[in-house]
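> Need a 3D model of the sequence below.
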Amino acid sequence: MTNVIGNSNVKTRYWHTLEDGRAQCDLCPRFCKLHEEQRGLCFVRQNLGGQIVMTSYGRSSGFAIDPIEKKPLNHFLPGTSVLSFGTAGCNLACKFCQNWDISKSREMDSLMSSASPQAIAQAAKDQGCRSVAYTYNDPVVFHEYALDTAQACRELGVKSVAVTAGYVCPAPRAEFYQWMDAANVDLKAFSEDFYYKITGGHLQPVLETLEYIRRETKVWLELTTLLIPGENDSEAELQALTQWVVEKLGPDVPLHFTAFHPDWKMLDKPQTPPATLLLARRIALDNGVRYAYVGNVHNKNADSTYCHQCGQLLIGRDWYLLSDWNLDAQGRCNACGAECAGLFDPQPGAWQGKRQALQF
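Numbers count the residues shown, from 1 in each chain. You can find the predicted model right below:
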């Protein structure tokens, strides 16, 4: 369990002291080099007393029970509920951030809720949630809090879900994903130029995280790409992205193409046309991706899951509501017997798309 040193500050492990006396954070590829009391770009990691501490342990911007499909995860215990929470701060600087009030918060007072890892795990079990999601802002920046919660969850038989941009260094990445059961990773684009200019990060560390999860862990993986008109939605980029996924990750990793709406520092861009999402989905399917979806728009056909072998409708979805279920007890197509990749119960959950606020 993490060593709490006062209030919501906890000691961290991924840092070292530089020759000039500054402390360098080694959690993510940003490698913030901090003087005494200076905070990193994420805001929640700070040099105090010559060491890097996390300043938001045990405090949250809110708790809620969501459908697992909202993460989005379409192949991980469909129809079940997930207890979701986040903190504040982020280690990227995406100009289009749609949770900017949380991820870019510079006020610790935004963390008005508090709960221990054990309390979160117990609440999930008591509420019938099959999993807990570390979401709203990136769990990379609340690494210690997420890890302690995941360990408490595993003790109670509750699974853990990471919703993340995957911008993390190898050592903390390995520690983190040994406690995760599923992840939805934002692959924000497939160009270094986009990552550098629009997110303030780099593409290669994210690709390395994706390959690590897929090759070195048993974590169920799905990807999300928010398509922004004129920025990352060209047919050439979509071709390259989907071909890379099939080659490096395999055809069974689901892709979610979601619609952008103007927000934060990208108010000058239009919303994503539904036709762009459908084109991306078609390119993915044509390139061998077996499961491709659209998001933030209403399209039941493109939100539903089909058998990659015979085309049978396996799981019908209308927004977050499940309308059809044609999998057998082993997660195979009941028409041809082909396996549908993912983690499935013999029957779908019955949460039916509700969202419920939760207080501690």
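> For the rest of this, base every contact and every neighbour count on C-alpha atoms.
Will do.
> All the strands of the stretch 1-150 of the chain, in order from the start?
For the stretch 1-150 of the chain, applying DSSP state E, counting those that start in this stretch gives strands covering 4-6, 9-11, 15-17, 23-25, 33-34, 45-48, 51-54, 59-60, 62-67, 81-86, 113-114, 131-134.
> mean pLDDT for the ones you listed: which is lowest?
Comparing mean pLDDT across these, the weakest is strand 4-6, with a mean of 48.
> As JSON lines, the strands of the stretch 1-150 of the chain with mean neighbour count and distance to residue 176 would be great.
As requested, the strands of the stretch 1-150 of the chain are exported to JSON lines (neighbours: other C-alpha atoms under 10 Å; distance: least, C-alpha to C-alpha, whole Å):
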{"stretch": "strand 4-6", "mean neighbour count": "12", "distance to residue 176": "19"}
{"stretch": "strand 9-11", "mean neighbour count": "20", "distance to residue 176": "16"}
{"stretch": "strand 15-17", "mean neighbour count": "16", "distance to residue 176": "16"}
{"stretch": "strand 23-25", "mean neighbour count": "24", "distance to residue 176": "16"}
{"stretch": "strand 33-34", "mean neighbour count": "21", "distance to residue 176": "23"}
{"stretch": "strand 45-48", "mean neighbour count": "24", "distance to residue 176": "17"}
{"stretch": "strand 51-54", "mean neighbour count": "25", "distance to residue 176": "16"}
{"stretch": "strand 59-60", "mean neighbour count": "22", "distance to residue 176": "19"}
{"stretch": "strand 62-67", "mean neighbour count": "22", "distance to residue 176": "21"}
{"stretch": "strand 81-86", "mean neighbour count": "27", "distance to residue 176": "16"}
{"stretch": "strand 113-114", "mean neighbour count": "18", "distance to residue 176": "22"}
{"stretch": "strand 131-134", "mean neighbour count": "28", "distance to residue 176": "12"}
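> quick one: which of the ones you listed is nearest residue 296?
Go through those one by one with C-alpha to C-alpha and the one that ends up closest to residue 296 is strand 62-67, at 14.8 Å.
> Show me what the closest one is packed up against.
strand 81-86, strand 356-358 (3 or more C-alpha pairs under 8 Å, 6 or more residues apart in numbering; DSSP states H and E).
> could you dump the ones you listed to TSV with distance to residue 212?
Formatted as TSV, the helices and strands packed on strand 62-67 follow (distance: least, C-alpha to C-alpha, whole Å):
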stretch	distance to residue 212
strand 81-86	24
strand 356-358	34
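> Now distance to residue 304 too, for the strands of the stretch 1-150 of the chain, in TSV please.
Supplementary listing: the strands of the stretch 1-150 of the chain in TSV, determined by distance: least, C-alpha to C-alpha, whole Å:
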stretch	distance to residue 304
strand 4-6	45
strand 9-11	43
strand 15-17	44
strand 23-25	42
strand 33-34	46
strand 45-48	40
strand 51-54	40
strand 59-60	33
strand 62-67	15
strand 81-86	18
strand 113-114	35
strand 131-134	22
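> Ok, which of these comes nearest residue 125?
Nearest to residue 125 among those is strand 131-134; the distance by C-alpha to C-alpha comes to 8.5 Å.
> Now that closest one - C-alpha only, PDB.
Coordinates of each C-alpha in strand 131-134 appear next as PDB, following Å, rounded to 0.1, in the frame of the first residue of the first chain:
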ATOM      1  CA  SER A 131     -15.500  -3.500 -12.500                       C
ATOM      2  CA  VAL A 132     -14.000  -0.200 -11.500                       C
ATOM      3  CA  ALA A 133     -12.800   2.200 -14.200                       C
ATOM      4  CA  TYR A 134     -10.000   4.700 -13.800                       C
END
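> what pairs with that strand, and is each one parallel or antiparallel?
For strand 131-134, sheet partners with direction are given as strand 81-86 (parallel), strand 159-164 (parallel), following DSSP bridges.
> And the contacts of the one helix or strand residue 236 maps to?
When elements are assigned from DSSP states H and E, residue 236 belongs to helix 235-244. When contacts are defined by C-alpha atoms under 8 Å, 6 or more residues apart in numbering, helix 235-244 is touched by residues 189, 190, 191, 232, 280, 283, 284, 287, 288, 289.
> Quick check: closest non-adjacent residue to residue 349.
Of all residues not flanking residue 349 in the chain, residue 79 sits nearest, at 4.0 Å (C-alpha to C-alpha, 6 or more residues apart in numbering).
> Isn't that neighbour up against residue 66?
No. With contacts defined as C-alpha atoms under 8 Å, residue 79 does not count as touching residue 66, sitting 10.1 Å away.
> Now list whatever residues contact both of the two.
Here residue 79 and residue 66 have residue 353 as joint contacts, going by C-alpha under 8 Å, 6+ apart.
> per-residue confidence for residue 100?
The confidence metric pLDDT takes the value 60 at residue 100.
> Ok, residue 341 next?
Per-residue confidence (pLDDT) for residue 341: 98.
> Contact partners for it?
Going by C-alpha under 8 Å, 6+ apart, residue 341 touches 75, 252, 331.
> again, 6 Å this time
With C-alpha atoms under 6 Å, 6 or more residues apart in numbering as the criterion, no residue contacts residue 341.
> thinking again about what came up before, show me what secondary structure element comes after the helix holding residue 236.
For helix 235-244, the succeeding helix or strand toward the C-terminus, using DSSP H and E, is strand 255-259.
> pLDDT of that following strand, averaged?
Along strand 255-259, the predicted confidence averages to a pLDDT of 97.
> same for that strand, what does it pack against?
For strand 255-259, the contact count by 3 or more C-alpha pairs under 6 Å, 6 or more residues apart in numbering; DSSP states H and E identifies strand 220-227, strand 292-295 as packing neighbours.
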